[in-house]
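J.: Sequence below, structure please.
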Amino acid sequence: MCEKVRFGILAVLIWAGSPALADTVLITGANSGIGLEFAKQYAADGWDVIATHRRSTTPDALADLQHQYPGLRIERIDVTDPEMIAAAAKNLEGVPIDVVINNAGIVGTFEDTRQHFGSFDFELFEQFMAVNTAGPLRIAQAFYPNVVASKQKKIVAISSAAGSQSTVKGGLAQGIPIVNRYWYNMSKTALNMSFIQLAANTAKDGVSVAVYHPGLVRVERTANYQLPEAFKAMALDVDESVGALRQRFAELNSETSGGFYAFDGRTMPW
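T.: The predicted structure follows:
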C-alpha cells in the first residue's frame, strides 16, 4: 500500500474516532456592547470565537476575554476598509466559519442635528451607508468561502426596528423620537433590502441569511437616549437580548432565510 493511501486511511480513522470540532463564529464590532456579549456567550459555550475590532491596539475588553478563553481569536477589521478585510480573510483562509454576525455599526444620537432635515450632513450619510449597509456586504463577500465550507452556513446582521418603514411611519404618528435619525434609519432599511437579495444569491450553496432587531438594549450608547418612560421600561439587558438572538440564529434555516426577525422570534414588518 502506498504511503499516500496509508496516510489517507489513517486520517479518516482518526477523524471518525475524534470528537466533533467546535462550531466557529465571527463577530464584527466585538469589543463592546452587543458584540462583546456575543463573544462572551459563544466562548463560554465552547465555540471557536473570532472577535474583530477596528482599533489600532487590542481593546482591553477583548484582551481580558482572551485571557479568560485563550482559544479566542482576535482579528482587526474595519468594515469600511477593503485592505484590512482582505488581510483578515487571508489570515482565516481555510477556516470554516459557521456563523458570521455582522454587528459593527454606527447609530448617532436623537439630538444630533446632522441627521435632521434642515441641517443634513451628507458626508455623515455616506459614513452611515459605508458602515451599516456596505460593511456587512463586504464581510459577507470576503468570508463567503469560509461560510460555505462550514456545517451551519449562516450569515446574519444586526438591524433595527428603525429599518422598518411601517414601524417608523407608526412612530411619526405617535411622536416617538426613533424617527429623528434619517441616516441611521435609511442605512438599516438598505441593509434589510441587501440581505433579502443576499439570501436569494446564496441559497444555491445552502447558506442561510437573515437580519435581526435586537430590541432596545441597555448598553453604554443607549443610556442617554431621551425616550418615554414606557420605552425605557421595555429595554433589555444585553445578556438577555444576545441570548435570545443566539436562539434565533440557531433556528435559522433555508426556509426562514431572507427574513427580518425580532430577538423574540416575531417576524418584523418591512
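
J.: P136 - how many residues pack around it?
T.: 28 (other CB atoms under 10 Å). In short, each C-beta sits where N, CA and C put it, glycine included.

J.: count of residues packed around the nearest residue to it once chain neighbours are set aside?
T.: In this structure, P136 finds its nearest non-sequential neighbour in N102, 3.7 Å apart by CB to CB, 6 or more residues apart in numbering. A total of 26 residues lie near N102 under the criterion other CB under 10 Å.

J.: Run through the residues that contact N102.
T.: 28, 79, 135-136, 139-140, 155-158 (CB atoms under 8 Å, 6 or more residues apart in numbering).

J.: what about the strands in the stretch 151-270 of the chain?
T.: 154-158, 208-213, 217-218, 236-237, 259-262 (DSSP state E, counting those that start in this stretch).

J.: any chance of the ones you listed in a markdown table, plus mean neighbour count, mean pLDDT and distance to S187?
T.: Below are the strands of the stretch 151-270 of the chain laid out as a markdown table (neighbours: other CB atoms under 10 Å; pLDDT from 0 to 100; distance: least, CB to CB, whole Å):
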| stretch | mean neighbour count | mean pLDDT | distance to S187 |
| --- | --- | --- | --- |
| strand 154-158 | 26 | 98 | 11 |
| strand 208-213 | 25 | 98 | 12 |
| strand 217-218 | 18 | 82 | 18 |
| strand 236-237 | 15 | 90 | 22 |
| strand 259-262 | 20 | 98 | 15 |
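
J.: Now render those as CSV, adding distance to I34.
T.: Shown next, in CSV, are the strands of the stretch 151-270 of the chain (distance: least, CB to CB, whole Å):
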stretch, distance to I34
strand 154-158, 7
strand 208-213, 10
strand 217-218, 6
strand 236-237, 10
strand 259-262, 14
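
J.: Can you pull up the most central residue in this protein?
T.: N102 (2.3 Å; CA atoms, centre = their mean).

J.: State the distance from the residue nearest to P136 to S257.
T.: Distance, N102 to S257, using CB to CB, to the nearest Å: 15 Å.

J.: Likewise for Y42?
T.: From Y42 over to S257 (counting by CB to CB), the distance is 21 Å.

J.: With P70 instead?
T.: Counting by CB to CB, the gap from P70 to S257 is 34 Å.

J.: Understood, closing this out.
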